[in-house]
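A.B. asks: make a model of this:
(one chain, ligands or ions: 2)
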Amino acid sequence: MLPLDPQAEIGRRAWVPCPNCDDTRDCEPCGERRTCSLHWRYLLTNKGSLLHLQCPGCTHVWTHESGFGATRSLWSRVTSGLPGQRP
Ligand SMILES: [Zn+2]
Ligand SMILES: [Zn+2]
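C.D. replies: Ligands and ions are numbered 1, 2, ... in the order given. Okay, here's the model as predicted:
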C-alpha cells in the first residue's frame, strides 16, 4: 500500500471508478454515476482534462482523462468540492 499523497485533500474529490480495486461494481449510486458518499477518489492534481487521482481504499494512483468538454457533468462534479464552495 502506498501512503496517501500529501496533496490528498478531503475537499478535493472526484467520482471516478478505481481501475485497481473496482469497488464501485455493485454499488447503486455509482452505477447511476451519482456522487456516492462511499466511493470517491482524492483529486491530487489536474492538468486540463487530465486528472491525477488516488483511491482512498487501495491507495492506487492513476491519471484519468476526463475529456473536458465532452463530459461537463463529470467536470462539474469533480470541481464541486473545491475549497470556498462548501456550504
Ligand atoms: Zn481502489
Ligand atoms: Zn458507490
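
A.B. asks: ok, which stretches of the chain are helices?
C.D. replies: With DSSP state H as the criterion, the chain has helices at 28-31, 72-79.

A.B. asks: pick out the shakiest of those helices, pLDDT-wise.
C.D. replies: Here the lowest mean pLDDT among the helices of the chain goes to helix 72-79, at a mean of 53.

A.B. asks: residue contacts, Cys36?
C.D. replies: Shown in contact with Cys36 (CB atoms under 8 Å, 6 or more residues apart in numbering): Trp15, Thr24, Cys27, Pro29, Cys30. Yep, even glycine has a C-beta here, placed from its N, CA and C like the rest.

A.B. asks: if we go to 10 Å?
C.D. replies: Cys36 makes contact with Trp15, Asp23, Thr24, Cys27, Glu28, Pro29, Cys30, according to CB atoms under 10 Å, 6 or more residues apart in numbering.

A.B. asks: is it true that the third one touches His39?
C.D. replies: What that stands for is Thr24. Yes: counting by CB atoms under 10 Å, His39 is a contact partner of Thr24 at 4.8 Å.

A.B. asks: joint contacts of those two?
C.D. replies: Trp15, Val16, Pro17, Cys18, Cys30.
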